[in-house]
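Participant: Just a sequence and a predicted model for now, questions to come.
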Amino acid sequence: MPVVVLALLVGLGGGVGGALLVDAGKDADDRSAPSTSSPTDPQEPAPTPAAPVAGEPGLSPVIAVAAKVLPSVVSLDVEGARSDVSGSGFVYDDEGHVVTNNHVIEPAADEGDITVSLSDGREVNAEIVGRSPAYDLAVIKLDEPPGVPAVSLGSSDGVAVGQSVVAIGSPLGLNATVTSGIISATQRPVTAGGRGETSYINALQTDAAINPGNSGGPLVDLDGRVIGVNSAIATLGSAADRQRGNIGVGFSIPVDQVISTVEQILETGHAEYPIIGAQVSVENDTAGARVQDVSTDSPAQQAGLEDGDLITAINEEEVSDGVELIVKIRSFAPGETVTLEVSRGGQVESYDVVLGSQIG
């Protein structure tokens, strides 16, 4: 399985634009830039469409989805000490919590301002509740109740390749933009990084048009239920041309992972992610993940893993490299037990590892 690698890039104009670059393999020339953008001229709020009449002849299901979900989608303008970016998000509950990507609000994590534009045109300040660089997710809270409905949450467990989906957000500063497409793939290993923080995502891939500024917006099914959080896109072009638009390869964080992470943040202010307590090589020199350093008293050491081991599968699912192993591990929860197939000295053995935890 090819691994898509993402990295935060320097944006145009006013500093770091928060765009992401995706490399489809180490030797590929294709590049990708996702989904935050540098702020542009203020936009007038796009009008929220009137709710369609049930049973109206020729009614597109996307019209009904847009009418249901648009009131719950917001745009974010983030002013940080070192950079200004814009992105998207959605109202998670009636208490004014909004979910977005960590890389959208990261510039304001230490010092800065976050302004949220609601679908009715109001602008509200917000504060960071907590963020998870590990999963590229963040929760902010509006200074005043939004008075708009929260989104309906679905499940990513049953998402199927070919399923119709709708993406909503503020690409290129164009608020309340609706696009549609299908799920192109599931469980796509994706890494995203910024300021030394790396996110590992077992992403949904979609061909719905997603562009810089869509980061943090919802990917929904045709019942208007959120099934993912849009995070990145692949684009063509050189590094100097990396904010070029969508080519039909976008990536979203599955909503089951979103809910788990967000609920942890709301309860404790932070999120935990599972670890085995060993460093693995992310270089794809051979099929599998090469163990480089097993920490003392870690779950890996307690299970019997050693430096130099080659992990080839987790719970009977093959592992192509270290990135895919980390992505698969992070789809579990701390305290769960996973079975690793390990090649050592020409012999393959199975090791049961009870996953530890780390905040991030």
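Facilitator: Nice, I can see it.

Participant: can you pull up the bridge partners for the residue nearest to Gly154 when sequence neighbours are not counted?
Facilitator: Leaving aside its chain neighbours, Gly154 sits nearest to Arg225 (3.1 Å; criterion: CB to CB, 6 or more residues apart in numbering). The way it works is simple: take the backbone N, C-alpha and C, and place the C-beta from them, glycine included. Per DSSP bridges, the residues bridged to Arg225 are Ser152.

Participant: Look up how far Ser155 lies from Arg225.
Facilitator: Distance of Arg225 to Ser155, given as CB to CB, to the nearest Å: 8 Å.

Participant: Buried residues, stretch 255-265. List them.
Facilitator: The neighbour-count check on stretch 255-265 (16 or more other CB atoms under 10 Å) flags Val255, Asp256, Gln257, Val258, Ile259, Ser260, Thr261, Val262, Gln264, Ile265 as buried.

Participant: Now render these as JSON lines, adding distance to Glu283, secondary structure and pLDDT.
Facilitator: Formatted as JSON lines, those follow (distance: CB to CB, whole Å; DSSP: H, G, I helix; E, B strand; the rest coil; pLDDT from 0 to 100):
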{"residue": "Val255", "distance to Glu283": "32", "secondary structure": "helix", "pLDDT": "98"}
{"residue": "Asp256", "distance to Glu283": "30", "secondary structure": "helix", "pLDDT": "97"}
{"residue": "Gln257", "distance to Glu283": "26", "secondary structure": "helix", "pLDDT": "96"}
{"residue": "Val258", "distance to Glu283": "30", "secondary structure": "helix", "pLDDT": "98"}
{"residue": "Ile259", "distance to Glu283": "33", "secondary structure": "helix", "pLDDT": "98"}
{"residue": "Ser260", "distance to Glu283": "30", "secondary structure": "helix", "pLDDT": "96"}
{"residue": "Thr261", "distance to Glu283": "28", "secondary structure": "helix", "pLDDT": "97"}
{"residue": "Val262", "distance to Glu283": "33", "secondary structure": "helix", "pLDDT": "98"}
{"residue": "Gln264", "distance to Glu283": "32", "secondary structure": "helix", "pLDDT": "97"}
{"residue": "Ile265", "distance to Glu283": "33", "secondary structure": "helix", "pLDDT": "98"}
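
Participant: Out of these, which is nearest to Asp143?
Facilitator: Relative to Asp143, the closest of the buried residues of stretch 255-265 is Ile265; by CB to CB it sits at 18.1 Å.

Participant: Start and end of stretch 143-152, how far apart?
Facilitator: Taking CA to CA, to the nearest Å as the measure, stretch 143-152 stretches 22 Å from start to finish.

Participant: And stretch 168-184, by the same measure?
Facilitator: With CA to CA, one end of stretch 168-184 sits 17 Å from the other.

Participant: do stretch 312-322 as well
Facilitator: 10 Å.

Participant: got the contact list for Gln264?
Facilitator: Ser132, His270, Ala271, Glu272 (CB atoms under 8 Å, 6 or more residues apart in numbering).

Participant: so who does the third one touch?
Facilitator: Residues touching Ala271, when contacts are defined by CB under 8 Å, 6+ apart, comprise Gly130, Ser132, Ala134, Tyr135, Leu137, Thr261, Gln264, Ile265, Ile359, Gly360.

Participant: now those residues as TSV including distance to Ser60?
Facilitator: As requested, the contacts of Ala271 are exported to TSV (distance: CB to CB, whole Å):
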residue	distance to Ser60
Gly130	38
Ser132	36
Ala134	38
Tyr135	33
Leu137	31
Thr261	33
Gln264	37
Ile265	36
Ile359	44
Gly360	42
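
Participant: Could you pick out the buried ones from the residues you listed?
Facilitator: Counted by 16+ other CB under 10 Å, the contacts of Ala271 give Gly130, Ser132, Ala134, Tyr135, Leu137, Thr261, Gln264, Ile265, Gly360 as buried.

Participant: Run the chain-centre distance for stretch 179-191.
Facilitator: 11 Å (CA atoms, centre = their mean, to the nearest Å).

Participant: Tell me the confidence at the residue nearest to Gly154?
Facilitator: We have a pLDDT of 98 for Arg225.

Participant: now the stretch 51-200 of the chain, which segments are flagged as low pLDDT?
Facilitator: Scanning the stretch 51-200 of the chain with the threshold set as pLDDT under 70 gives 51-58, 192-197.

Participant: try 80
Facilitator: Applying pLDDT under 80 to the stretch 51-200 of the chain picks out residues 51-59, 191-198.

Participant: Could you confirm Glu106 falls within a strand?
Facilitator: No - the assignment for Glu106 (DSSP: H, G, I helix; E, B strand; the rest coil) gives helix, which keeps it out of a strand.

Participant: For burial, what's the neighbour tally of it?
Facilitator: 26 (other CB atoms under 10 Å).

Participant: circling back: the buried residues of stretch 255-265 into a markdown table, with extra columns for distance to Ala185?
Facilitator: Output for these, formatted as a markdown table (distance: CB to CB, whole Å):
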| residue | distance to Ala185 |
| --- | --- |
| Val255 | 16 |
| Asp256 | 17 |
| Gln257 | 16 |
| Val258 | 18 |
| Ile259 | 21 |
| Ser260 | 22 |
| Thr261 | 22 |
| Val262 | 24 |
| Gln264 | 27 |
| Ile265 | 28 |
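
Participant: Closest one of those residues to Thr312?
Facilitator: Once CB to CB is applied, the member of the buried residues of stretch 255-265 that ends up nearest Thr312 is Gln257, at 24.5 Å.

Participant: That'll do, ta.
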